[in-house]
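Enquirer: just a sequence and a predicted model for now, questions to come.
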Amino acid sequence: MASPPGATGAASEMMNECDETVRCNLDRYLREPGISEGQRRRLQLFQTVESGVCAKVERFCTEHGIEVTDLAVLLVAPEAHLLFRNALLAQPGSGRRPSTPQASLILGHRSQLHSFLRRALPPNESDAADPYMDLMTPAPARCVRILIIDDDSLTIMSYGTFVTVSMNLAEMPDA
C-alpha cells in the first residue's frame, strides 16, 4: 500500500473496518423487496466469506503495494466453477478435486481482472456494453470492487471502508 503523501520512508499498514455495522447494512439491504433472488443469493454467498475477504484485501494491498481502490476481488460460487472450465476446482498442489467445491477468490489489480474476465467469460457479441466496465475505474475512496459470480449472473459492488495508517516513526511525536 502506498504511503500517504509526505510520508517518505514510512512503512504503511492496511487496516480494515469490516465490522458488524457493515454486516448489519448488508443484512438490511438483503431484506429490501426490490432485490432479485439472484442478487440476494450472491450477496449471501459473499456474507459467508466476508471476514476472510477483508483479511485477504488487507494482506494483498500491504504485500503488493496496491491501493485498495485499484484492487478487485472476484468471488466465484461453487456452481460457477464450470464457467471457468474447471480451472478453479483443483486444490493447489493436491492434483485432486475437493468433494464439496468451495467458493473461490481471485484478487488482483482491477485492469488485470478485467482482462482475465474478458478472456475467460467473453461478453456476448450482441451486448453493446462491456459487463466488466466497472473495473476500468477505481472504486470509491477506501473501498474495493467486489464481483460475485454464480451460474446465473454477476453482481458487482463497491465494498468496505479500508484505511491506510502511516507507521513512520520519524513523524510521530516523542512520548
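Expert: That came through, no problem. Numbering: from 1, shown residues only.
Enquirer: Ile146 belongs to a strand?
Expert: Yes: assessed by DSSP: H, G, I helix; E, B strand; the rest coil, Ile146 belongs to a strand.
Enquirer: just the strands in the protein please.
Expert: 12-16, 71-76, 104-109, 144-149, 154-159, 162-166 (DSSP state E).
Enquirer: adding mean neighbour count and distance to Gly38, write the ones you listed out as a markdown table.
Expert: Just so you know, the C-beta spots here come from the backbone N, C-alpha and C atoms, and that holds for glycine as well. Formatted as a markdown table, these follow (neighbours: other C-beta atoms under 10 Å; distance: least, C-beta to C-beta, whole Å):
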| stretch | mean neighbour count | distance to Gly38 |
| --- | --- | --- |
| strand 12-16 | 16 | 27 |
| strand 71-76 | 24 | 14 |
| strand 104-109 | 17 | 19 |
| strand 144-149 | 24 | 10 |
| strand 154-159 | 18 | 8 |
| strand 162-166 | 17 | 27 |
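Enquirer: Glu50 - how many residues pack around it?
Expert: Glu50 has 19 neighbouring residues, counting by other C-beta atoms under 10 Å.
Enquirer: how close does it sit to Tyr159?
Expert: 9 Å (C-beta to C-beta, to the nearest Å).
Enquirer: same check on Asp70?
Expert: 14 Å.
Enquirer: quick one on the thing from earlier: out of the strands of the chain, nearest to Val57?
Expert: Across the strands of the chain, Val57 has its closest neighbour in strand 144-149 (5.4 Å, C-beta to C-beta).
Enquirer: what's the closest one packed up against?
Expert: helix 37-64, strand 71-76, helix 110-120, strand 154-159 (3 or more C-beta pairs under 8 Å, 6 or more residues apart in numbering; DSSP states H and E).
Enquirer: check the ones you listed for me and report the most buried one.
Expert: strand 71-76 (a mean of 24; mean count of other C-beta atoms under 10 Å).
Enquirer: what strands line up against that one, and which way round?
Expert: strand 104-109 (antiparallel), strand 144-149 (parallel) (DSSP bridges).
Enquirer: let me have the ones you listed in JSON lines, extended by distance to Glu58.
Expert: Shown next, in JSON lines, are the strands paired with strand 71-76 (distance: least, C-beta to C-beta, whole Å):
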{"stretch": "strand 104-109", "distance to Glu58": "11"}
{"stretch": "strand 144-149", "distance to Glu58": "10"}
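Enquirer: ok, which of those strands comes nearest Ser36?
Expert: Using C-beta to C-beta as the measure, strand 144-149 is the one of the strands paired with strand 71-76 that comes nearest Ser36, at 12.9 Å.
Enquirer: just the residues contacting the closest one, thanks.
Expert: For strand 144-149, the surrounding residues in contact (C-beta atoms under 8 Å, 6 or more residues apart in numbering) are 42-43, 45-46, 53, 57, 68-69, 71-77, 80, 83, 110, 113, 117, 121, 132, 134-135, 139, 154-160, 162.
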